[in-house]
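**Student:** dropping the sequence and predicted coords here.
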Amino acid sequence: MKKIIICLLFIWYSTGFICLCYAQTVVYNTKTQKYHQLKCRWAAKCSANCIKIEKKEAIKRGGIPCKVCGG
Ligand SMILES: [Zn+2]
């Protein structure tokens, strides 16, 4: 019985981790429509036109991946 609980916990834990990977947050520039990784130097420079959204949301809005960080 204990083994089953551990096994279920492991599945729950690993699926949660996969979800986190898919819900990657990027910095999206609404003016240039480019999106950056949070650590990108261009993301740090951008403030007025930039918003933090999910990567899939940035793509849905017609976002272009940054050439420096790859988006
Ligand atoms: Zn970038």
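**Tutor:** Happy to help now that I have it.

**Student:** now do the same contact list for the residue nearest in space to the middle of the chain.
**Tutor:** Nearest residue to the geometric centre of the chain (C-alpha atoms, centre = their mean): residue 24, 1.5 Å. Contacts of residue 24 were listed using C-beta atoms under 8 Å, 6 or more residues apart in numbering, and they are 54, 55. Glycine gets a C-beta too; all of them are placed from N, C-alpha and C.

**Student:** from residue 6, how far out is it?
**Tutor:** Noted for residue 24: a distance of 29 Å to residue 6, by C-beta to C-beta, to the nearest Å.

**Student:** do residue 36 as well
**Tutor:** 40 Å.

**Student:** more crowded one of those two?
**Tutor:** residue 36 (25 against 10; other C-beta atoms under 10 Å).

**Student:** tell me what that one is bridged to.
**Tutor:** residue 27 (DSSP bridges).
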